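Colleague: Okay, here's the prediction I keep looking at, along with the sequence it came from:
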Number of protein chains: 2
Amino acid sequence: MEGTLTILGSGSALPTFQNSPSGQIVTLCDKSFLIDCGEGIQLTMRQMGIKTARLYSIFISHLHGDHCFGLIGLISTLDMMGRTQPLHIYAHPDLEKLLRPWLDYHCKDLKYELIFHPLNPRKKEVVFEDRTITVETIPLKHKVPCCGFLFIEHHRRKNTETGELTYESRKRYAYCSDTMYKENIVPQIEGVDMLFHESTFIEEWASRCKATMHSTAKQAATIALKAKVGQLVIGHYSSRTDDHSRFLSEAQEVFENTILAVERESYPILCRESADSRPTGE
Amino acid sequence: MEGTLTILGSGSALPTFQNSPSGQIVTLCDKSFLIDCGEGIQLTMRQMGIKTARLYSIFISHLHGDHCFGLIGLISTLDMMGRTQPLHIYAHPDLEKLLRPWLDYHCKDLKYELIFHPLNPRKKEVVFEDRTITVETIPLKHKVPCCGFLFIEHHRRKNTETGELTYESRKRYAYCSDTMYKENIVPQIEGVDMLFHESTFIEEWASRCKATMHSTAKQAATIALKAKVGQLVIGHYSSRTDDHSRFLSEAQEVFENTILAVERESYPILCRESADSRPTGE
């Protein structure tokens, strides 16, 4: 089944000419999940003609503004567009406290149910599970509590002897942003088909990277290499430059099958087997 | 002295492929004022290379989301960009109450002073005055308390007999959004050099216009005609269409010197005298 990653915003805290704050849509098993929702995400979705009605739920990694300032506008727009299906938001519990006064003021007659699921970003846990998808949190290390998300697609399999239906994991996509280099995430994301790992900086800016608790392109690629992932996507670029070719070359020196997250582009999430057929730096 | 109007967002509540929520910059006497700040306004400013350091103060007409959801992101970005100069925000007093928890959470070490000036949108009053500019509120009629803003540029003049310096009003720019047709604003905005008046709808959608307390292009032009303004700029377009030529032709039938607000375009605010030299429908 088709799986795609659509990049809506791949900048970091400070927007630039080219990059907006974080947001991406993962589509697996015909369900679309929004990960992070910086300012402008709903505008980009509208400009790209993305069907917001198909939005299943929203996962927020942490509460820095560039990852959540766009939520209130999106919630309001979904209402104006006539949404009736409940919307699930998975985030640090402070998000609901912050949004509540705005919701009461601006969206008091919301025509759909908004369901907040508080996350504990410090703990690896399954936060969502249905017939075809499981989502686990990936504890990360950043200036504020932060977690990534591991999406695991399930595949129905019939045991020919017993006739029993079992689920077999198929595509896996991991999102790791924002975080400093954190090697102990490797076992959890080992062998995923696609890994998005933040690379706010390159090695030249390593001291700034450390101070802000972000990763360099080289560090992102090192995680990808150690975890033997199919493909690495890097993004969350610093505002220092709009030329991201140095991010790419730095990462590819360590892990060849790396691509740059480009806003308004979609990338197929290919099964590890097909990914393996391409040359990688592993 | 140069005066310009720069359109950042000219859509209405629901963003479209072409239009973002409200926001515009008025530059008079080398000072830049932001009027309204819907989601994405700071992103557009960054993309257009607008020097946010020159932003003097912000005027918010009312608290519908498409006029204020972009404020928290802008406030945060100005801080990251090293602003030290105080920022004045003129708005309904509820805005500060709503923003305060977000400011405490996301911008607790703001390196510049944020000064809220509560407005009473029901009352015409001078809310800002310095050596060269006066700003008055224009009470409007909308679903929530709402006011427009009248910017009056002053010009120093020396009385040759007494040697006394007096101020003479020069350029005047009026912003009227959001509002239903409200004829009693005419005396206050009479003869302004440029009027921005919302035209969310055209006459064909008059019933929807009435229900939502907005104006049609024809109504905006009627106000411009009665107030004998220099030039009319219409905007705040409904999401029903991205073709605004019908808005323009409907307005121009009543008031010829009408232009469409186009995002990322700047328009000179010309003195009434020069505006008069062009053919108008008056």
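Modeller: Noted; the coordinates are in hand. Numbers count the residues shown, from 1 in each chain, chains lettered A, B, ... in the order given.

Colleague: what ranges do the strands span in the stretch 151-282 of chain A?
Modeller: A:165-176, A:194-198, A:231-235, A:258-260, A:266-268 (DSSP state E, counting those that start in this stretch).

Colleague: Out of the ones you listed, flag the one nearest B:Leu99.
Modeller: strand A:194-198 (28.2 Å; CB to CB). Quick note: C-beta positions are derived from backbone N, CA and C, even for glycine.

Colleague: and chain B, which of the strands of the stretch 151-282 of chain A is closest to it?
Modeller: Nearest to chain B among those is strand A:231-235 (16.5 Å), distances taken as CB to the nearest CB.

Colleague: Run through who's touching the closest one.
Modeller: By CB atoms under 8 Å, 6 or more residues apart in numbering or on different chains, the residues outside strand A:231-235 that reach it are A:5, A:7, A:10, A:177, A:193-199, A:217, A:220-221, A:224, A:247-248, A:251, A:255, A:257-261, A:267, A:270, A:275.

Colleague: export it as PDB, just CAs?
Modeller: The C-alpha trace of strand A:231-235 is given here as PDB (Å, rounded to 0.1, in the frame of the first residue of the first chain):
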ATOM      1  CA  GLN A 231      16.300   6.200   3.800                       C
ATOM      2  CA  LEU A 232      17.100   9.300   5.800                       C
ATOM      3  CA  VAL A 233      15.300  12.600   5.300                       C
ATOM      4  CA  ILE A 234      16.900  15.600   6.900                       C
ATOM      5  CA  GLY A 235      15.300  19.000   7.700                       C
END
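
Colleague: how big is the angle separating that strand from strand A:194-198?
Modeller: With axes from the mean of the first three to the mean of the last three CA atoms, to 10 degrees defining the directions, strand A:231-235 sits at 30 degrees from strand A:194-198.

Colleague: burial count for the residue nearest to A:Tyr56 when sequence neighbours are not counted?
Modeller: Nearest residue to A:Tyr56 in three dimensions, chain neighbours excluded: A:Lys31, at 4.5 Å (CB to CB, 6 or more residues apart in numbering or on different chains). Neighbour count of A:Lys31, defined by other CB atoms under 10 Å in any protein chain shown: 16.

Colleague: Pull the contacting residues for A:Lys31.
Modeller: With CB under 8 Å, 6+ apart, A:Lys31 has these contacts: A:Arg54, A:Tyr56, A:Thr132, A:Ile133.

Colleague: State the number of residues packed around the closest residue in space to the third one that isn't next to it in sequence.
Modeller: In this case it means A:Thr132. Closest residue to A:Thr132 apart from its sequence neighbours, by CB to CB, 6+ apart: A:Cys29 at 4.1 Å. For A:Cys29, the tally of surrounding residues (other CB under 10 Å) stands at 18.

Colleague: Quick check on A:Cys29: phi, psi?
Modeller: phi 50, psi 40 (degrees, to the nearest 10).

Colleague: Please report the distance of it from chain B.
Modeller: Using CB to the nearest CB, to the nearest Å, A:Cys29 is found at 28 Å from chain B.

Colleague: That residue reaches A:Ile133, doesn't it?
Modeller: Yes. With contacts counted by CB atoms under 8 Å, A:Cys29 reaches A:Ile133, the gap being 5.9 Å.

Colleague: Now do the shared contacts for these two.
Modeller: Common neighbours of A:Cys29 and A:Ile133 (CB under 8 Å, 6+ apart) are A:Glu153.

Colleague: re earlier: could you flag which of the contacts of strand A:231-235 are buried?
Modeller: Listed as buried from the contacts of strand A:231-235 are A:5, A:7, A:10, A:177, A:193-199, A:217, A:220-221, A:224, A:247-248, A:251, A:255, A:257-261, A:267, A:270, A:275; burial here means 16 or more other CB atoms under 10 Å in any protein chain shown.

Colleague: Quick one: mean pLDDT over stretch A:126-140.
Modeller: Mean per-residue pLDDT for stretch A:126-140: 95.

Colleague: Identify all contacting residues around that stretch.
Modeller: A:28-29, A:31, A:33, A:57, A:59, A:61, A:88, A:90, A:117, A:119-125, A:146-154, A:174-179, A:182, A:185, A:188-189.

Colleague: Please spell out the ChimeraX selection for the buried subset of the residues you listed.
Modeller: ChimeraX command restricting the contacts of stretch A:126-140 to the buried ones, with burial defined by 16+ other CB under 10 Å:
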select /A:28,29,31,33,57,59,61,88,90,119,121,146,147,148,149,150,151,152,153,154,174,175,176,177,178,179,182,185,188,189
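
Colleague: Can you give me the pLDDT of the residue of the stretch 101-250 of chain A found nearest chain B?
Modeller: Chain B sits closest to A:His106 of the stretch 101-250 of chain A, with a gap of 5.0 Å, by CB to the nearest CB. On the pLDDT scale, A:His106 is placed at 92.

Colleague: And it, how far from B:Glu263?
Modeller: 23 Å (CB to CB, to the nearest Å).

Colleague: repeat for A:Asn120
Modeller: 42 Å.

Colleague: Return the residues of the stretch 51-200 of chain A in contact with chain B.
Modeller: Contacts of the stretch 51-200 of chain A with chain B, taken as CB under 8 Å from any CB of the partner chain, map to A:63-65, A:69-70, A:72-73, A:76-77, A:80-81, A:94, A:97-98, A:101-102, A:105-106.

Colleague: Mark which of the residues you listed are buried, thanks.
Modeller: A:63-65, A:69-70, A:72-73, A:76-77, A:94, A:98, A:101-102, A:105-106.

Colleague: Looking at these, which are in helices?
Modeller: Within these, residues falling in helices by DSSP state H are A:Gly65, A:Ile72, A:Gly73, A:Ser76, A:Thr77, A:Asp94, A:Leu98, A:Pro101, A:Trp102, A:Tyr105, A:His106.

Colleague: Was I right to think the third one contacts A:Gly38?
Modeller: No. At 10.7 Å, A:Gly73 and A:Gly38 do not qualify as touching, with contact defined as CB under 8 Å.

Colleague: Neighbours of the closest residue to A:Phe69 other than its chain neighbours, how many?
Modeller: Leaving aside its chain neighbours, A:Phe69 sits nearest to A:Glu39 (4.3 Å; criterion: CB to CB, 6+ apart). Around A:Glu39 there are 33 other residues, counting by other CB under 10 Å.

Colleague: in chain A, which spans are helices?
Modeller: A:41-47, A:65-68, A:71-80, A:94-106, A:186-189, A:206-211, A:217-226, A:245-254, A:272-276.

Colleague: among those helices, which gets the worst mean confidence?
Modeller: When I compare those, helix A:272-276 is least confident, with a mean of 57.

Colleague: picking up where we left off before, between the helices of chain A, which one is closest to B:Thr212.
Modeller: Across those, closest to B:Thr212 is helix A:71-80 (CB to CB), at 11.3 Å.

Colleague: what's the distance between the closest one and the middle of its chain?
Modeller: 20 Å (CA atoms, centre = their mean, to the nearest Å).

Colleague: what angle do that helix and helix B:94-106 make?
Modeller: Using the same axes, to 10 degrees, helix A:71-80 lies at 130 degrees relative to helix B:94-106.

Colleague: could you turn helix A:71-80 into PDB, dropping everything but the C-alphas?
Modeller: Written as PDB, here are the backbone C-alpha positions of helix A:71-80 (Å, rounded to 0.1, in the frame of the first residue of the first chain):
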ATOM      1  CA  LEU A  71      -2.700  24.500  15.700                       C
ATOM      2  CA  ILE A  72      -5.400  27.100  16.600                       C
ATOM      3  CA  GLY A  73      -5.800  28.300  13.000                       C
ATOM      4  CA  LEU A  74      -6.000  24.700  11.700                       C
ATOM      5  CA  ILE A  75      -8.600  23.700  14.300                       C
ATOM      6  CA  SER A  76     -10.700  26.800  13.400                       C
ATOM      7  CA  THR A  77     -10.400  26.200   9.700                       C
ATOM      8  CA  LEU A  78     -11.400  22.500  10.000                       C
ATOM      9  CA  ASP A  79     -14.500  23.700  11.700                       C
ATOM     10  CA  MET A  80     -15.300  26.300   9.000                       C
END
